[in-house]
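>>> Below are the sequence and a predicted model; questions follow.
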Amino acid sequence: MNSANDIFSQPGFQPVHDDFHGDLLELSIGPHHPSTHGVFRMNATLDGEVVVKLKPVFGYLHRNHEKLAEQNSYLASIPYTDRLDYLSSLTNNWAYVHAVEKLAGLAVPERAEYLRVILGELARLINHCCLVGFLLNDLGTSFTPLLYSLRERERMLDLIEELTGSRMMCNFMRFGGLRTDVSADWLARLEHFLDHQFARYLREQDALLTGNEILLARLQHVGILSPKLAVQAGITGPMLRASGVDYDIRKVDQYGIYDRFDFRVPLGDHGDTYDRYMMRMLEMHESVKIIKQAIRDLPVGDFLDPKAKNRGLRPKAGSCYARIEGPKGEIGFHLVSDGSANPYRYRVRPPSLINLTVLEDMCLGRTLADTIVILGSVDIVLGEVDR
Amino acid sequence: MPDFPLLTLGVIAAVTLVSAAVAFSLKNILHCLLLLVVSWVGVAAFYLWAGAEFIAFAQVLVYVGAISMVVLFAVLLTRQHQPEENSPTRAFRAWGALAAALVATALCAAVVATPLEGNSSADAGLSVRQIGELLMGPHVAALLIIGVLLTVALLGAVLLAAPDAPKENFPPKTKP
Amino acid sequence: MTPLHLCLIFSALLFSLGLAAALSRSSSILVLLGVELMLNAANLNFIAFWRFSPNPEAGHGVLFVLFAIAVAAAEAAVGLALVIAVYRHYRSSCLQDANQLKG
Amino acid sequence: MKPCALAGFASEAPTFSSLEALPGDLSDWLVSFLPDIEWLRWLTASLLAIVLILTVFGLTFAMLTVTERKLLGRFQNRYGPNRVRVFGIRVFGFFQPFADAVKALTKEDIVPAAADKVLHLLAPVCLVAFSLLGFAVLPYGREMTLLGNLDAALLFFFAATSASELAIFMAGWSSRNKYALLSAMRALAQLISYELPLLLVAVPAVMLAGTLSLQGIVLSQADWLGGILPHWNILTPWGFAGALIFYIAALAESNRCPFDLPEGESEIIAGFLTEYSGFKYALFFMGEYFGMAALAGLGVTLFLGGWTAPCEFLQFIPSYLWFYLKLVAVVLSFMWMRATLLRLRMDQLMRLSWKFLVPLALVNLGNAAFWQFSSNWEGAWLAARWAISLAVAIVPFLLLAKTLTAGLGPRQYRYA
């Protein structure tokens, strides 16, 4: 036939034929797509707008992180961990120093533990703020909620910048404590921020968005992740808890001093995108509670164990795996020491990468628009996925 | 001084006919359709020329606003790029064109041969209100039948275009 | 020649163009469009006769065209639904491919 | 067609202030310099009117773009554009559109190698042309319409604007980009879905005015109850429901948030705009704003009393200003929606139209018929009229809304 609709005769437009669905369209979403949250690509096969196949492709941001760390001393790797999940560098620091402290058997002073909790939960707040904002932006809100979220994030970043000297790449934790101490004034301002500005932000977010019909229609029953699959795939963090599995490393391991705080772990019943969104919202409330308790109970003392040796640390030969509950899930470090100044093997367990593995299962049968939202609800940072 | 109304008619006819003719000789079906839209608009312009405002706007609304969209959907839902084995030969096309040309000649000859008394002086024009009264008065039966026809056609179209059977186990789940 | 003659010749030519398309093209969609064009040509006649009729107030031509447009819309909807149904069956919208009464 | 333009209306409205007749007077004055040939004067007067409308709405478009950006900025707790200055003067950044125009004009026009070049060029031109056509029949003021008091003006409007989505389809298809193609599909589906409620909801206004002429529809609302309460359609139960449906459908028809699926930037990059740059892109932008303004103008005409003043004593403000004010207010509310709402998904968009707006519009038609039927009810019957009409407007809305949001709602969460 001569009347060629020749858009389909272009090389890239040859539709994939499949006996079950008929003609399908292969669409490469990313790596420069506005909503893939970084240089991430999905090879989607679409039937109309319905996804029938989805293959995540990553590696565009690979930086050789693990191999670099094996060439460096233990201390020199701390700044590199900042670049893993660059939205919450403090928890990355924490997970890494936690692993090294376990490997080398170092003690952490009481005050440092409290400050770590404060900073870790602050990192969680920053991360969840960003996630909520970007997720809503993926839903097409022309930036409004995102900018409100970023406003709060900016305030927290200002506090962090004042303390650590850097807004995102904090490089603040040290083996056996922290780099510097925290002033009482800083703590007072943090508390003021939480009590007034941040509380107001959470209230507004709940009042204006959480019950919005379009939000409900776009998020509820979309991208359901069953608890069984979630456990089998090793999903952790808010995403796992949205599926109804009660697993929070802060409660399970009670690492650091988390047993001393009174906080609850919210659980979802449906495992859909709305639950994942709400987990973040509810966790922010709990994090605020934890920070306030920590500020209240903060003891006086050393912020860094005076006996701890940061420079030239040579742990005894051996291996260890230590993990903490990062904002995105279980962030763990597996370190093997051969007694030298560099780790013999250094391996990161990034929550983003592992949470991303179930993307296709959640997206199948959903539309392209849902895929973007589901990806947004997984909460990935490509620095951590690719390392 | 040229006869303005007839000149206008000539321009309208030329645009309509040329766009239709070019439309049917193009390969790309999308281009065909868009040129046909021009042709339909030309017909609407003719209606305007003849003083049938209401019909002209209805023509644009139905043809440009609705039928062209449906055709576009049909084009997008069917793959137009086909293997060439079954495509009609040149002769087939030539025969078709020849037959059409014969019909055109016969019709034109008949028209020219017939003496027609056109009442061209009357300032023809039917207001919308008049059309409405006619529709609701003497022609109400036809209106109702058209309504039923459209409903039946809509249902029929939905039934025809719907997939044969609901696809079972859709979407296909990959094994976890 | 009166203006009416010109209108009728215009419509005759448009009709033949539609006919040519219906006869010589093989894409079912184009054939359908050809038929639509023929219908348009017929409508054109109605309007022409109405315009130059002794008593245009009766408005029969206009009403007939109105109904014809509605029928054309119905025809297009059903016709294109058929095109899609045939395409589903034969994986082709070419009329020469749909040459069996039984799938 | 009756030739009719702004000229000559000055004498027809003698009872109103001179401001009211200013455009007509001005046009008459200018035309009076021409030789006394009727068609020449008519042509000139028409052209003057067209130029005036294009200038006003062109400037409105320019100002609306910067207003939208500034408003969005304020909604989002930032400033919006405020940098552009001309000769050292910076009017809160309101020179921005001129800078934008210079940028758009000087930017490279990129056409993809595989694109259908003719259609790629034609699409933005068509869009602007189609969306401008709607302005030909809008009644801008007392006796002010470009095409005169066209008998089937409403039909013309819909005929003209229905073609605009064809232009969007052309853009999406000709770009040879899969995202653009998806967007073209979406645009088509959206248009077919939302044309229907838009048309259906305009029918009651036509029914009660007894004419398809937009001027006639405005005139049917041009009265006041006790000099203060206008007879606008929106102040009746069916009119209010109709205005709401019209508003939603108009948002969808002009591809505005929350129905901006054809250009949903988080899903399909920029949809049909993906492969456009420079001046063509600016044309699309212009087309979108013109379409939006035209639809807002239609909404104002159908439900907000067109150019009539809200109170009798406010009539000293010229009618065209009233029309303009109302139009701008409606457009600004479109912008507010954009800053507030989330985007729907394609299937939800369709469901909203077919299962919600279309049935409601049909019910509204019956409601308006009842309203017309009961127009002579008095006393207690008047209360009954309002009660019945309100019930007919509200009950189906609630019932349908319930089915639409079935299974959705805020949830209670448990804690471990």
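Looks like it arrived, so ask away. Numbers count the residues shown, from 1 in each chain, chains lettered A, B, ... in the order given.

>>> State the pLDDT value of residue 58.
You didn't pick a chain, so chain A it is. Listed pLDDT for residue A:58 reads 83.

>>> right idea, wrong chain: chain D
Looking at residue D:58, the pLDDT reads 84.

>>> and it, what helix or strand is that in?
Per DSSP states H and E: residue D:58 is located in helix D:38-75.

>>> Ok, residue A:344 next?
strand A:343-349.

>>> So which elements touch that strand?
helix A:65-71, strand A:318-325, strand A:330-337 (3 or more CB pairs under 8 Å, 6 or more residues apart in numbering or on different chains; DSSP states H and E). All C-beta spots, glycine's among them, are computed from the backbone N, C-alpha and C.

>>> Geometric centre of chain C: which residue is closest?
residue C:36 (2.4 Å; CA atoms, centre = their mean).

>>> Quick check: the gap between that residue and residue A:64.
Distance check for residue C:36 against residue A:64: by CB to CB, to the nearest Å, it reads 64 Å.

>>> check contacts around the spatially closest residue to residue C:50 that is not a sequence neighbour.
Leaving aside its sequence neighbours, residue C:50 sits nearest to residue C:61 (CB to CB, 6 or more residues apart in numbering or on different chains; 2.6 Å). Applying CB atoms under 8 Å, 6 or more residues apart in numbering or on different chains, we find residue C:61 in contact with C:46, C:47, C:49, C:50, C:51, C:53.

>>> please redo it, this time with the cut-off set to 10 Å
Counting by CB atoms under 10 Å, 6 or more residues apart in numbering or on different chains, residue C:61 makes contact with B:50, B:52, B:55, B:124, B:126, C:43, C:45-53.

>>> What about those, which are in helices?
Of these, the ones assigned to helices by DSSP state H are B:55, C:43, C:45, C:46, C:47, C:48, C:49, C:50, C:51.

>>> pLDDT at the closest residue to residue D:231 other than its chain neighbours, what is it?
Once flanking residues are discounted, residue D:231 sits nearest to residue D:223: 4.5 Å by CB to CB, 6+ apart. The score at residue D:223 is 79. That number is its pLDDT.

>>> can I assume residue D:223 is in contact with residue D:312?
Yes - applying CB atoms under 10 Å, one finds residue D:223 in contact with residue D:312, separated by 9.2 Å.

>>> From residue A:276, how far off is whichever residue of the stretch 1-150 of chain A sits closest to chain D?
Distances between the stretch 1-150 of chain A and chain D by CB to the nearest CB are smallest at residue A:140, namely 2.8 Å. Using CB to CB, one obtains 18 Å as the distance from residue A:140 to residue A:276.

>>> before we move on, back to that, got a winner among the ones in helices among the contacts of residue C:61 for most neighbours?
residue B:55 (31 neighbours; other CB atoms under 10 Å in any protein chain shown).

>>> quick one: common contacting residues for residue D:223 and residue D:312?
The contact lists of residue D:223 and residue D:312 share D:229, D:230, where a contact means CB under 10 Å, 6+ apart.

>>> about what we covered before: okay, now the residue of the stretch 1-150 of chain A closest to chain D: neighbour count?
So residue A:140, with other CB under 10 Å, has 29 neighbours.

>>> who touches the closest residue to it other than its chain neighbours in this structure?
Spatially, and ignoring its direct neighbours in sequence, residue A:140 is nearest to residue D:343 (2.8 Å; CB to CB, 6+ apart). By CB under 10 Å, 6+ apart, residue D:343 lies in contact with A:138-142, A:214, A:218, A:369, D:257-261, D:264-267, D:349.

>>> is it true that residue D:343 lies in a strand?
No - assigned with DSSP: H, G, I helix; E, B strand; the rest coil, residue D:343 falls outside any strand and is coil.

>>> For it, give me phi and psi.
phi -80, psi 140 (degrees, to the nearest 10).

>>> before we move on, back to that, where's the residue nearest to residue C:50, which helix or strand?
With DSSP H and E as the test, residue C:61 turns up in helix C:60-90.

>>> re the thing from before, any part of the helix holding residue D:58 near chain A?
Yes - interface with chain A: helix D:38-75 contributes D:72, D:73, D:75 (CB under 10 Å from any CB of the partner chain).

>>> is chain A contacted by the next helix-or-strand element following that helix?
Downstream of helix D:38-75, the first helix or strand assigned by DSSP H and E is helix D:96-106. No - Helix D:96-106 stays clear of chain A (CB under 10 Å from any CB), getting no nearer than 17.9 Å.

>>> State the distance from the residue nearest to residue C:50 to residue D:322.
Taken as CB to CB, the span from residue C:61 to residue D:322 is 42 Å.

>>> residues in contact with the most centrally placed residue in chain D?
Nearest to the geometric centre of chain D sits residue D:295, at 1.8 Å (CA atoms, centre = their mean). Residue D:295 is in contact with D:131, D:134, D:157, D:161, D:198, D:246-247, D:249-251, D:253-254, D:256, D:327, D:330-331, D:334, counting by CB under 10 Å, 6+ apart.

>>> Which secondary structure element is home to the spatially closest residue to residue B:60 that is not a sequence neighbour?
Excluding the flanking residues, the one nearest residue B:60 by CB to CB, 6+ apart is residue D:159, at 3.8 Å. Using DSSP H and E, residue D:159 falls within helix D:153-162.

>>> can you check residue A:118 too?
Of the helices and strands defined by DSSP H and E, residue A:118 is found in helix A:110-138.

>>> So which bits of that helix are buried?
Neighbour-count burial for helix A:110-138, counted by 16 or more other CB atoms under 10 Å in any protein chain shown, picks out A:111-138.
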